[in-house]
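In: okay, sequence plus prediction incoming.
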Amino acid sequence: MSGVFKFCPQCATPLALITQVEDGGDKERLRCPACDYTHWNNPTPVLAAVIEYDGQILLARNAAWPGKMYALITGFMEAGETPQEGITREIAEETSLTTDSLDLIGVYDFQRMNQIIIAYHAVCHGEVKLSPELVDYKLYAPDAVKCWPAGTGYALADWLTSRGYTPSFVEFPKRETTQ
């Protein structure tokens, strides 16, 4: 369950895990015992782009990430925009690139972050100028880029496969997880 909400946003009573009958049967959710508010905790849509730039794949490193991990450009949709408008905006905001074409790769679950990823292939041009959110970028030939075993990494793998490449994945050290 999400640890984000602890108190009811309507009456400030502490939320509790309460089981109620919903469509499809009993469902345990964070609910307010005083006013019956329900925290639905639905997944958040996240947009991602496999950016093709000068025939190569652009991966960027976020300033907040530990280590030297590079990944796709991603971002949240804004109210009132389509997914296509949102990823075009995110690409421009984070890289200063102009998007020439955009094609849906697929939709991926990322349950660890309670997100749904909507991934696109974007052909872009311009001069790369990173936002302060990003600290570096690298360009990879499609046959040399490595995928990662998580939501956006699977989108990259699917795009590579659709182009006739056999994706290879980086291997992360094993660690204890509670998924």
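Out: Great, that's in hand. Numbers count the residues shown, from 1 in each chain.
In: can I get stretch 20-31 as CSV, trimmed to CA atoms?
Out: Extracted in CSV, the C-alpha atoms of stretch 20-31 (Å, rounded to 0.1, in the frame of the first residue of the first chain):
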residue,chain,number,x,y,z
GLN,A,20,-15.0,-3.0,1.7
VAL,A,21,-17.0,-4.6,-1.0
GLU,A,22,-16.3,-3.0,-4.4
ASP,A,23,-17.0,-4.1,-7.9
GLY,A,24,-15.3,-7.5,-8.1
GLY,A,25,-15.4,-8.3,-4.4
ASP,A,26,-13.6,-7.3,-1.2
LYS,A,27,-10.8,-4.7,-1.6
GLU,A,28,-8.5,-3.5,1.1
ARG,A,29,-7.6,0.2,0.7
LEU,A,30,-6.6,3.2,2.8
ARG,A,31,-9.9,4.7,3.9
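In: let me see the domain layout of this structure.
Out: Listed domain ranges for the chain are 1-41, 44-169 (source: automatic domain parsing).
In: what lines up beside the longest strand seen in the chain in the sheet?
Out: If you go by DSSP state E, the chain has its longest strand at strand 98-110. Applying DSSP bridges to the sheet, strand 98-110 is found paired with strand 115-125 (antiparallel).
In: show me the contact partners of the partner strand.
Out: 43-53, 58, 72, 74, 83-84, 87-88, 91, 95, 97-110, 151-152, 155, 158-159 (Cβ atoms under 8 Å, 6 or more residues apart in numbering). For every residue, glycine as well, the C-beta is placed using N, CA and C.
In: which residues does the residue nearest to residue 150 when sequence neighbours are not counted contact?
Out: By the measure of Cβ to Cβ, 6 or more residues apart in numbering, the closest residue to residue 150 outside its immediate chain neighbours is residue 110, 6.8 Å from it. By Cβ under 8 Å, 6+ apart, the contact list for residue 110 reads 46, 116-117, 150-152.
In: identify the bridge partners of residue 110.
Out: Beta-bridge partners, per DSSP bridges, of residue 110: residue 115.
In: show the model's pLDDT score for it.
Out: The model reports residue 110 with a pLDDT of 91.
In: gap between it and residue 60?
Out: 18 Å (Cβ to Cβ, to the nearest Å).
In: any idea what residue 16 is bridged to?
Out: residue 31.
In: and what of residue 103?
Out: Counting by DSSP bridges, the residues bridging with residue 103 are residue 121.
In: distance-wise, check the residue in the chain sticking out farthest from the centre relative to residue 7.
Out: If you look at how far each residue of the chain sits from its centre, by Cα atoms, centre = their mean, the farthest one is residue 34, at 35.1 Å. Distance of residue 34 to residue 7, given as Cβ to Cβ: 11 Å.
In: mutual contacts of these two, please.
Out: With Cβ under 8 Å, 6+ apart as the test, residue 34 and residue 7 both reach residue 13.
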